[in-house]
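K.L.:
Please work out how this folds:
(2 chains)
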Amino acid sequence: MSESVSDKDLWRMYRSARRPERPERPDLGLLSAYLDGALDEAAAEPVELWLAGESTAAEELAVLRSDLEAGGGAEVPERVLARAQAIVHAPAAPDPKPARGGLDWFTWPKAASWAAVAALAVVVSGAGFELGGDHGGDLMTLLSGDLGTPSASGVEQARLDFGEPPVDFL
Amino acid sequence: MEGLPDLDALLAGDKAAWDRFVAQASRVVFAAVHRRLGPAGRSDEAEDVVQEVFVKLCRGDFKLLRGFDPARAKLSTFLTVVATTTAIDHLRRNRQASHAVEDLPESLLSQDPDYVERVKIPEGLLSGRQQAVMTLLYDRDMDAAEAANLLGIDPQTVRSMHHKALTKLRAHFALDG
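P.N.:
All right, here's what the predicted structure looks like:
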């Protein structure tokens, strides 16, 4: 390498060859600690790599230092204060428990299961009634899906399947 | 800022602690936001940016505020950093997309010397601080005192970092050249 290469050219060669990814602004807690001089060189590495790799970082850091030097506070309009305070809400009061003896036992799944039981009871008692009469065959035909007019042979077949009633009440 | 607000109560969701925190912090936040927006002629947007700062502080169960360590930084520093960076980001978002060429920093326009060889640079050849010093001295044309002021270190340390960085670079490029 020629001795005539200047220090600045040497740096530009390094920068050009390295082309690091543009680092993001460091964590703001870390940046605050850096500005307050609380970090050693190793801990300050993310901030200083940001300074070296991000073209706007030096200006940003200079702005932050001058802002901190200026310090002080400003009078804040009441509406600004109220708006910021409203971001966090007071926790809501817990819902009161329903009074005992009300409808707190009622739930839709419970109601549905009771309705199913009632419907089954109606079907079973209806079936029992029909089987007890002369038209047991009709009921069986109906339950088997044959909705046509029952034929004599169909009634006969039902009698064969289920037997004659023990007593002819009529 | 006078006294440290009760951050533990605030982080536990105490509404009264949040209200006290806002009353104390808003002076610093409002001043920092105004300092950034004022020169850009956008003071009328300050109230929205202040609100954005406080939303940022409590977003995600106060994630940002939980990152504040009173052992390493003053609360006023932390609030100034949050407020100033929020205002800077606000100005950037609202900046016109087109830039005049003369507004671009020189570092973005400059071309590398023709004789530059693209050689592999080993990781960690220069430390973060050495890179920062070289950037400020050569890309930002600062002198040692200005760089030291920005980095918050002694000017003698800047000179020492500069010297060590150059020695490493000369050795590296001499080996590769």
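K.L.:
Stretch B:158-172 and chain A in contact?
P.N.:
Yes. Contact of stretch B:158-172 with chain A (Cβ under 8 Å from any Cβ of the partner chain) involves B:Ala165, B:Leu166, B:Leu169, B:Arg170, B:His172. No exception for glycine: its C-beta is placed from N, CA and C like everyone else's.
K.L.:
mind checking how far that stretch is from the chain centre?
P.N.:
Centroid separation for stretch B:158-172 versus its chain: 25 Å, with Cα atoms, centre = their mean, to the nearest Å.
K.L.:
Show residues contacting it.
P.N.:
For stretch B:158-172, contacts defined as Cβ atoms under 8 Å, 6 or more residues apart in numbering or on different chains pick out A:1, A:7, A:10-11, A:13-14, B:121-122, B:125-126, B:129-131, B:133-134, B:137, B:144, B:147-148, B:151.
K.L.:
can you tell me the residue of chain B closest to chain A?
P.N.:
Chain A sits closest to B:Arg27 of chain B, with a gap of 2.9 Å, by Cβ to the nearest Cβ.
K.L.:
Just the element for that residue, please.
P.N.:
In the assignment (DSSP states H and E), B:Arg27 maps to helix B:15-37.
K.L.:
Would you mark the buried spots in that helix?
P.N.:
Residues B:17-22, B:24-37 are the ones in helix B:15-37 that count as buried (16 or more other Cβ atoms under 10 Å in any protein chain shown).
K.L.:
Repeat that for stretch B:166-177.
P.N.:
B:Leu166, B:Lys168, B:Leu169, B:His172, B:Phe173.
K.L.:
mind listing what the closest residue to A:Ala74 other than its chain neighbours touches?
P.N.:
What sits nearest to A:Ala74 in space, not counting adjacent residues and going by Cβ to Cβ, 6 or more residues apart in numbering or on different chains, is B:Ala31, at 4.0 Å. Going by Cβ under 8 Å, 6+ apart, B:Ala31 touches A:Ala70, A:Gly72, A:Gly73, A:Ala74.
K.L.:
Highest neighbour count among those?
P.N.:
A:Gly73 (18 neighbours; other Cβ atoms under 10 Å in any protein chain shown).
K.L.:
Once you drop chain neighbours, what's closest to it?
P.N.:
According to Cβ to Cβ, 6+ apart, the nearest residue to A:Gly73 is B:Arg27 (2.9 Å).
K.L.:
you'd agree the one you found is up against A:Val80?
P.N.:
No. In terms of Cβ atoms under 8 Å, B:Arg27 does not count as a neighbour of A:Val80; the distance is 10.6 Å.
K.L.:
anything in contact with each of those two?
P.N.:
When contacts are counted by Cβ under 8 Å, 6+ apart, B:Arg27 and A:Val80 have no shared neighbour.
K.L.:
in chain A, what spans have low per-residue confidence?
P.N.:
Residue ranges of chain A with pLDDT under 70: A:1-4, A:19-20, A:93-108, A:127-170.
K.L.:
Closest approach to chain B from it, which residue is it?
P.N.:
Going by Cβ to the nearest Cβ, chain B is nearest to A:Gly73 of chain A, at 2.9 Å.
K.L.:
can you give me phi and psi for that residue?
P.N.:
Torsion angles at A:Gly73 (phi, psi; degrees, to the nearest 10) stand at phi -130, psi 170.
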